[in-house]
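Visitor: here is the input, now give the coordinates:
(one chain, ligands or ions: 1)
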Amino acid sequence: MCYYIARGSIPRKRHVRHEVDSHLAFEEVFGTEGFSGTTSTIYHRHPPTAVESSELGEVIEPTYVQERALRMRHLRTHHLHAEGDAITGRKVLLGNSDVEISLCVPSEVMPSLFKNGQSDECIYMQRGSGRLTTLFGSLTMATRDFVVIPKGTIYRMDFDAPGARFLTMEFVNGSHIRPPKRYRQGGEGQFLEHSPYCERDIRPPQGPFGTPESAKVGGLYEVIVKARGALHSFRYLHDPMDIIGFDGACWPYCFNALDFAPIVGQLHLPPTVHQVFEGHNAVICCFCPRPLDFHPNAIRVPYAHSNIDSDEVMFYAEGNYTARRGIEEGSLTLHPLGIPHGPHPGTIEATQDQRSTNELAVMCDTFRPLSPTAIALAIDDAKYPASWSAQRPPELVGANGVSATR
Ligand SMILES: [Fe+2]
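Guide: Sure thing, here's the model as predicted:
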């Protein structure tokens with residue numbers, strides 16, 4: 001959902017005969033919002049409609065714990081172990097009718113191709129690298145990459161080595177994940193000068209196209225489609241990613257968090273300046289290593305704030321959190337609407353001489369309340385809600401500062 005590009009072989013006009021190696025190519029319009037939204041036009045070697053068989057598989061709707069208790073949470077995702085592949089290994093932790101947030105530590109290779117038919121996905125690679133092979137070509141995934149995959153994109157993820165960990169924010173309300181409109185001319189055009197990133201930072205898919213022959217099982221190509229809260233198996237005689245080219249503005253891409261140019265100020269700036277993507281009823285922000293506020297009397301930790309209209313999720317991907325005991329790499333906190341939150345006691349004084357932060361965190365603010373799953377509750381830190389108390393135990397007092405993000 002980005003800007004116009006063209007790849008491979010396409011005809012000069014849309015919807016005309018296009019032959020490659022004396023064979024007619026088969027056109028597929030890959031469009032959003034009916035025929036009124038962003039579109040890509042794809043050219044296949046074989047008809048993309050030629051399904052050999054299909055069947056309903058597993059129902060995978062997450063089960064949330066419907067609790068009325070209002071409390072902050074600290075989920076220790078680094079306690080989750082490797083399990084499943086890059087799709088089946090995703091453990092949903094928090095969610096609502098707009099967004100599902102999951103953590104995955106894959107231990108297996110994906111046996112099939114996958115298509116999320118109901119949601120755009122924004123993946124954050126906390127650790128690991130590898131290749132994302134998609135309908136639109138290939139992408140190299142690296143640590144600290146955001147990987148944005150439009151719904152309907154067939155893909156597979158392959159990692160270079162064991163140990164990959166990634167966070168996924170899936171917009172189950174069907175909205176599209178895109179750069180904030182205020183960063184772009186007219187909301188959809190060229191990235192503007194005040195934007196903290198631009199076209200040069202976005203990595204589109206590249207050729208060659210097609211599925212590796214090794215992904216063929218039993219003489220057929222299988223695509224597992226996620227839709228209607230279930231997985232469906234579709235099998236094709238021909239490679240469903242057998243394209244020769246495409247053009248348009250709907251394609252997956254990578255964007256590395258270190259390519260985000262942080263906006264810093266004399267005095268504390270709100271998380272709005274760290275926003276990287278938006279969708280309906282949720283935003284995604286990226287807190288990168290950066291200088292801290294430079295006014296001589298600046299308070300270098302955030303002021304306490306009441307997020308009265310949103311639940312705030314912060315994923316601490318990497319950096320030095322030793323000053324805030326209990327928060328580690330892989331910590332994921334939830335600060336729900338209705339409770340003000342901010343820096344721990346003593347940290348304003350402790351950070352007075354701090355000039356920079358090396359932390360890297362991803363935030364997802366949702367405009368409707370999130371609920372936890374049983375998996376989340378199993379890794380929840382029960383001491384976290386009381387860690388701001390004036391009576392808090394000494395082991396929770398930070399020595400030198402606090403996370404500078406939130
Ligand atoms: Fe906050």
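Visitor: chain center to stretch 110-121: distance?
Guide: Computed by C-alpha atoms, centre = their mean, to the nearest Å, the separation of stretch 110-121 from the middle of its chain amounts to 14 Å.
Visitor: what residues sit buried inside it?
Guide: If you call a residue buried by 16 or more other C-beta atoms under 10 Å, then stretch 110-121 has these buried ones: M110, S112, L113, F114, K115, N116, Q118, S119, D120, E121. Placement of C-beta: from N, CA and C, glycine included.
Visitor: what's the answer for stretch 294-301, then?
Guide: In terms of neighbour count (16+ other C-beta under 10 Å), stretch 294-301 has its buried residues at I299, R300, V301.
Visitor: now render those as TSV, adding distance to R90, secondary structure and pLDDT.
Guide: Formatted as TSV, the entries for these read as follows, by distance: C-beta to C-beta, whole Å; DSSP: H, G, I helix; E, B strand; the rest coil; pLDDT from 0 to 100:
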residue	distance to R90	secondary structure	pLDDT
I299	39	coil	92
R300	36	coil	89
V301	33	coil	88
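Visitor: of all those residues, which comes closest to G31?
Guide: Using C-beta to C-beta, the shortest approach to G31 within those belongs to V301, at 46.0 Å.
Visitor: how many neighbouring residues does V283 have?
Guide: Here the number of neighbours of V283 (other C-beta atoms under 10 Å) works out to 19.
Visitor: sorry, back to before: filter the buried residues of stretch 294-301 down to the ones close to the ion.
Guide: Checking the buried residues of stretch 294-301 against the ion by C-beta under 5 Å from the ion, not one of them is in range.
Visitor: TSV for those, including distance to I263?
Guide: Formatted as TSV, the buried residues of stretch 294-301 follow (distance: C-beta to C-beta, whole Å):
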residue	distance to I263
I299	18
R300	16
V301	18
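Visitor: now, which of those residues sits nearest the ion?
Guide: The ion lies nearest to V301 out of the buried residues of stretch 294-301, by C-beta to the ion, at 11.1 Å.
Visitor: spatially, what comes nearest to L139 if we skip its sequence neighbours?
Guide: L132 (4.3 Å; C-beta to C-beta, 6 or more residues apart in numbering).
Visitor: tell me the pLDDT at the one you found?
Guide: You'll see L132 listed with a pLDDT of 98.
Visitor: show me what contacts it?
Guide: Residues in contact with L132 (C-beta atoms under 8 Å, 6 or more residues apart in numbering) are S138, L139, T140, M141, V147, I149, Y155, R156, M157, P252, C254.
Visitor: check the gap between it and the ion for me.
Guide: 31 Å (C-beta to the ion, to the nearest Å).
Visitor: hey, what's that residue bridged with?
Guide: Applying DSSP bridges to L132 yields these beta-bridge partners: L139, M157.
Visitor: check V225 too.
Guide: Here V225 sits in beta bridges with K115, H232, as judged by DSSP bridges.
Visitor: circling back: pick out the most distant pair among the buried residues of stretch 110-121.
Guide: Pairwise distances among the buried residues of stretch 110-121 were taken by C-beta to C-beta; the largest, 20.6 Å, belongs to S112 and D120.
Visitor: below-threshold pLDDT in the stretch 201-350 of the chain: ranges please.
Guide: Where the stretch 201-350 of the chain drops to pLDDT under 70, the residues are 321-325.
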